[in-house]
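Visitor: Sequence and predicted structure below; questions after.
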Amino acid sequence: MVFHDPEGMERLRKATPARIGTGRAGTRPTTREQLQLRLDHAAAVDSVYGSVSSTLLDELELFAVDSEVTDKELYLKRPDLGRQLPESSIRLLRERCIQAPQVQIVVSDGLSADAIESNLRDIYPALLDSLAVQGLTAGTPFFVRKARVGCMNAIGDILEPEVIVMLIGERPGLITSRSMSAYLGYRPRSGMTDSQRMVLSNIHQGGTPPVEAGAHLGSLIARMLELRMSGVSLEL
Amino acid sequence: MKLTVSLLGESYLFHDLKELFAKANEEKSGDQLAGIAAADDRERMAAKLVLADLTLADIRSHPLLPPETDEVSRVIEEGVDETVYETIRSWTVGELREQLLAASESELRRIGSGLNSEMAAAAAKLMSNLDLIQAAAKCEVITRCNTTLGERGRLGSRAQPNHPTDDPLGMKASIYEALSYGIGDAVIGINPVIDTTDNIIRLLHETKEVIHRWGIPTQNSVLAHVTTQMRAISKGAPADLIFQSLAGTQSGNQSFGIDLRLLQEADQLIRESGTASGENRWYFETGQGSELSAGGHHGVDQLTLESRCYGLAKAFKPFLVNTVVGFIGPEYLYDSKQVIRAGLEDHFMGKIQGLPMGVDVCYTNHMKADQNDMDNLAVLLAAAGVNFFIGVPMADDCMLNYQSTSFHDIATVRELLRLQPGAEFSAWAEKMGILKNGRLTALAGDPTRFI
Amino acid sequence: MALQQAGGNGIEPKREITSVGIDIGTSTTKIVFSRLTVGRRYGLSMLPQYQITERNIIYESPMHLTPLIGESQIDLPALQQILSAEYHSAALKPEEVDTGAVIITGETAVRSNADSILHQLAGESGEFVVAQAGGDLEAVLAGKGAGAEAHSQRAAGTIVNVDIGGGTANAAYFNSGSCIGTLNFHIGGRLIMLDKAGTVAKIYPAARQWLNREGLWLQEGEQADWPVLQEVTRRWSELLLEVLLKGSDPQACPLIYGHQDLPAAFAKETTVTELWISGGVGALMEQAAPRNIAETARYGDIGPLLAHAIKKTAGHYPVKLQAAPGAQRATVIGAGVHTLQLSGSTVYADPNLLPLRNIPVIELVWPVQAQDVEQPDEVLASIQAAFAAGAIRHGSIEPEAMQFAIAIPEITHCSYAVLRRIAEAVTGCSRKYKLKLCILICENDIAKALGNCIYLLSQGRQACVCLDQITVAHGDYIDIGIPADGNYIPVAVKTLVFNSTN
């Protein structure tokens, strides 16, 4: 498509990640744009249905447990099951984890395995650094397959930590399928609601850099411990 | 009231209307998640058969959520035209379905005014997809803000110029692109990232500035929480429409931080201090599943609760009502089949209750749906006479991370079904040279003409 | 669709900053006070980011003649008196002023006592007020103050704002909301002064040399010849616009001065669509054209004639010419309103180490491949080179007193592995040079992670201030303020160049 003001078009394009100035074939999108959209959607869907490699988990020395749901379709339909842990997982946590740690780190693929694959190597050591700088001690970190954020309540009931920080893959978008969130809860136990947690979202290379997100989490956790609370009322 | 039936050698007993209503629904993952769905298709059919024989009076005298405990129920009951109701109260739901399908347009409007939201939902539960399209297509709901929307032969569109940081130029870039495809006649409405008064004031001014600069016959709206918009409007920010998301129960609305009184205050404010000329000043959004998501469903199925949103909306004579059908996720609407069904149901239930229904034909990336499914639903809804669609550049909302209908899609549906934007906007687009005789010209699709 | 958010969140802390701008120009001195509003940039679940969302001017002084003692000195007591009266009129005390800038511009910058006066006034004017000088900076501030920067975000092509005052013309090019180059000329209304009768009262050296070379006859004490004055202003206008609009090589222009922050090919390739004139000469463009010597000399110089010569010459170019809005106050508004930057909110700094003043910036240069973690040696080498440059330039007999900031340019993908290499190199260098305080300014949003890493590597022994998202350049000086509510740190970047005009 030839634009009236090609330079102006570039300025508009630079100002937004939205798909503008795409041209058309009659009233329909051009072939390239249409296929690009489908390709980005395919990447997002793959990320939902993908899984985190054992190589990454081994490298960072995270052991893995299942949530109550092992099937992806059921995981999508039944968020309540992703918030619970089966007896086998509970046993494993009791065996392998330090009881009642100050800070419990939990990682889950959630809705995007890609998010974990591409960010964990950067955010995790930066998070450990920030805990060390704040003089905080972490328990035994682990990975939960197909968990929901609310799973931190179930984990809280078992391990009784002061704070849980949960790194979990976000619902993928078309701009990126690799966005991760960090959810924080002070003394999470059964009954804790969303509004009592805090979230730092949009963590990926094009958003909040994972190393800086990790660095910030330590200060947030220190503040939560100081104020003995977490929740939306506490500004990030 | 008979709540039992024998079917294929088995007998079914439903304990109350709540259970019956839930089990009579087409399959939805949200009803399953709430644990109230029919166990299988046979039980679903049993429920539909029982429901078909209930009278409208049965439904009215056994409220799912008593008006004494739920203010949404009170608003809905007050909205029923008692004279009309008296003439139809003895109809069964099965008869109601047939009357709606057979009625003339004016008769349909009359029947609609005598229904409460539960009756509208009950009829939807007995209807096939084509029934829903056919009945809705007979309801012409015309509303007026700065411009007129909903006339036959017109298909409106919202320009949704969202940006991940509310960047002014980035937002305008998307508006220009929308305008160049003839999109934005229903509203230029942005979802802000930052819900602060200052930011909302800024966005209201910026959207208004584009509207003034090009003399566009449309209206602006910034979809922040209603209280933030009220603060902005009180400080003199120019808003044609005021926006809020609605739930179908009092507790659902509480979780959105609103109640009836707040809506009434906002209503008064937008009438006194809004910048629009017409009498319809509200933009509401709804969507099946939001009550369950907020823990405020009280065991009522998501279809019925959605219908109740419309009963509440009706009291405020909105300019636009938009059901965001596929945003909420697969735990409420699992796949394209469920999304398509919900889109048609919502549109019908809203229209029969006299509302200017638009549909955000959309899906998220963790649902079993794709752009082809949205193509299908868009055409079905346009055939059903939907008032407007949501227009997003190439269907990809870069802020909310979901896919809706694109500017291309809306232009295509218009051309295909010989529909045009709202009358004033059409005239403007012809004058600007974007449309000629209702079709895109060679100039269309070039946003740089609006820089 | 709408995000269905709970509750009408009424918590909206208002953050306001009071800022002063003081412009001591060749002919006039002016002062503005403004109120800057700081707002959060992203939604609540994002890392906090603050930006200045509103800039409102709350008080503007009238124009004062810049007080001089003789020809070579600024009259400090007289200047202080003017300022103190203006603070009084604005109902503000210096301690209520949070930030701002004092800028010495045009010919005034070459006065023998300019430097010391600037710093003294900056100290007296408010908590965090900085001194500024230099044609390039003046050009940029004027362009911002005039609104050319903001306008360029919307307008097509490039906008040039030329601030023409008494002694200098400072041009800044803006495209898509940012400055892409500056040029400075010895062109100004007051370079040739006239008395009411049209006698040449004074010719500044910059103009004198050029007149001699061009063979144009003007002599102090003699009646000015009207055609000669017309010729002078016509030629100045042509020289100016040939460089600015036609893309003639700036090096070849006899009136250019200072370093040219503009590659020669640049002006040729850039389509300038609008020419804005600010400063006193810009304001004069709005008045009627002088028809004779008497009308020209009404302000005691050739300003009115120059304004209209530029207007006429610009007519030969396909460009939209306009006097900048609030022309005469563009620089002071720029100084008062656009000096402050806010750091990212996730930074590493012990508040006890702040504020810091007059910290020179050393820019680190990455070798092409060094952003790659596979090249750890090159990362180390570049960081060592930057520290060595800092030590040479800003080292003193007491190594503990040595202070400089290293600016770390953008890294495409800052993984933890890269971050760690940088931290190791920085820690090593800081130890080697016995730095009491290590100051880092990162372009990427990594300051806190980097600070944490350095803290751990040095076992808490290396004091460190690590900021990000501040734009600095080699040779700048920075003042770093105390963290504000919201944890961002106000930083004023100073570019101090006292140009010698000879």
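Guide: It's in. Numbering: from 1, shown residues only, chains lettered A, B, ... in the order given.

Visitor: Tell me who's in contact with C:Ala335.
Guide: C:21-23, C:100-103, C:132, C:141, C:145 (Cβ atoms under 8 Å, 6 or more residues apart in numbering or on different chains). Where you see a C-beta, it was placed from the backbone N, CA and C, and this is true even at glycine.

Visitor: Could you rerun that using 7 Å?
Guide: C:Ala335 makes contact with C:21-23, C:101, C:103, C:132, C:141, according to Cβ atoms under 7 Å, 6 or more residues apart in numbering or on different chains.

Visitor: which one of these is nearest C:Tyr59?
Guide: Of all those, the one with the least separation from C:Tyr59 (Cβ to Cβ) is C:Gly21, at 10.7 Å.

Visitor: which non-adjacent residue is nearest the closest one?
Guide: Ranked by Cβ to Cβ, 6 or more residues apart in numbering or on different chains and with sequence neighbours excluded, the top spatial neighbour of C:Gly21 is C:Gly336, at 2.2 Å.

Visitor: Could you do B:Ala24 as well?
Guide: Among residues not flanking B:Ala24 along the chain, B:Ala47 sits closest, at 3.8 Å (Cβ to Cβ, 6+ apart).

Visitor: where's the residue of the stretch 201-350 of chain C found nearest chain A, which helix or strand?
Guide: Relative to chain A, the nearest point of the stretch 201-350 of chain C is C:Thr346 (4.7 Å; Cβ to the nearest Cβ). Assigned by DSSP states H and E, C:Thr346 belongs to no helix or strand.

Visitor: ok, which pair from the contacts of C:Ala335 is furthest apart?
Guide: Using Cβ to Cβ for every pair in the contacts of C:Ala335, the one that comes out farthest apart is C:Ile22 and C:Leu141, at 11.9 Å.

Visitor: which residues do the two both contact?
Guide: With Cβ under 7 Å, 6+ apart as the test, C:Ile22 and C:Leu141 both reach C:103, C:335.

Visitor: Give me the more crowded residue out of those two.
Guide: C:Leu141 (32 against 29; other Cβ atoms under 10 Å in any protein chain shown).

Visitor: Hmm, C:Thr331 and that one touching each other?
Guide: Yes: with contact defined as Cβ atoms under 7 Å, C:Leu141 reaches C:Thr331; the gap is 5.5 Å.

Visitor: Now for those two: what residues contact both?
Guide: Counting by Cβ under 7 Å, 6+ apart, the residues touching both C:Leu141 and C:Thr331 are C:Ile103.

Visitor: Could you give the number of residues near residue 134?
Guide: Going with chain A. That count, for A:Gln134 with other Cβ under 10 Å as the rule, works out to 18.

Visitor: Chain C was what I was after
Guide: Around C:Gly134 there are 24 other residues, counting by other Cβ under 10 Å.

Visitor: do C:Lys320 as well
Guide: 14.

Visitor: and it, what is it in contact with?
Guide: Neighbour list for C:Lys320: C:273-274 [criterion: Cβ under 7 Å, 6+ apart].

Visitor: That one pairs with what?
Guide: When bridges are called by DSSP bridges, C:Lys320 pairs up with C:Glu274.

Visitor: Quick check: the residue nearest the centre of chain A vs chain C, distance?
Guide: Nearest to the geometric centre of chain A sits A:Ile168, at 2.5 Å (Cα atoms, centre = their mean). Counting by Cβ to the nearest Cβ, to the nearest Å, the gap from A:Ile168 to chain C is 13 Å.

Visitor: didn't that residue look like it was pressed against A:Val106?
Guide: No: in this structure, A:Ile168 is not within contact of A:Val106 by Cβ under 7 Å, at 8.3 Å.

Visitor: What helices and strands are in contact with the lengthiest strand in chain C?
Guide: Under DSSP state E, the strand in chain C containing the largest number of residues is strand C:28-40. With contacts taken as 3 or more Cβ pairs under 7 Å, 6 or more residues apart in numbering or on different chains; DSSP states H and E, strand C:28-40 sits against strand C:15-24, strand C:50-60, strand C:64-65, helix C:76-89, helix C:330-337.

Visitor: quick one, which of the ones you listed is nearest to C:Met402?
Guide: Ranking the helices and strands packed on strand C:28-40 by their distance to C:Met402 (criterion: Cβ to Cβ) puts helix C:330-337 first, at 30.3 Å.

Visitor: still on that earlier bit, for the longest strand of chain C, which positions count as buried?
Guide: The neighbour-count criterion (16 or more other Cβ atoms under 10 Å in any protein chain shown) identifies C:28-36, C:38-40 as the buried residues of strand C:28-40.

Visitor: ok, those residues vs B:Ala122, which is closest?
Guide: Within the buried residues of strand C:28-40, the smallest distance to B:Ala122 is 47.2 Å, found for C:Arg40 (Cβ to Cβ).

Visitor: so who does that closest one touch?
Guide: Residues near C:Arg40 by Cβ under 7 Å, 6+ apart: B:194, C:48-50.

Visitor: Read off the pLDDT value for it.
Guide: According to the prediction, C:Arg40 has pLDDT 73.

Visitor: got it, and B:Ala123?
Guide: For B:Ala123, the pLDDT comes out at 98.

Visitor: burial of it, as a residue count?
Guide: 29.

Visitor: Just to be sure, it is in a helix?
Guide: Yes: remark: B:Ala123 belongs to a helix, assigned using DSSP: H, G, I helix; E, B strand; the rest coil.

Visitor: Just confirm it contacts B:Val93, I think it does.
Guide: Yes: because the distance of 6.2 Å satisfies Cβ under 7 Å, B:Ala123 is recorded as touching B:Val93.

Visitor: Can you list phi and psi of the residue nearest to A:Pro101 when sequence neighbours are not counted for me?
Guide: For A:Pro101, ignoring the flanking residues on the chain, the nearest one in space by Cβ to Cβ, 6+ apart is A:Gly139 at 2.7 Å. Geometry field for A:Gly139 lists phi and psi as phi -80, psi -160, criterion degrees, to the nearest 10.

Visitor: which parts of the stretch 151-300 of chain C sit against chain B?
Guide: For the stretch 151-300 of chain C, the residues in contact with chain B (Cβ under 7 Å from any Cβ of the partner chain) are C:153, C:156.

Visitor: Kindly recompute the last result at 8 Å.
Guide: Counting by Cβ under 8 Å from any Cβ of the partner chain, the stretch 151-300 of chain C comes close to chain B at C:153-154, C:156, C:177.

Visitor: For the residue nearest to A:Thr16 when sequence neighbours are not counted, identify the helix or strand it belongs to.
Guide: On the basis of Cβ to Cβ, 6+ apart, the spatially nearest residue to A:Thr16 that is not a chain neighbour turns out to be B:Gly170, at 3.5 Å. Counting by DSSP H and E, the element that carries B:Gly170 is helix B:168-180.
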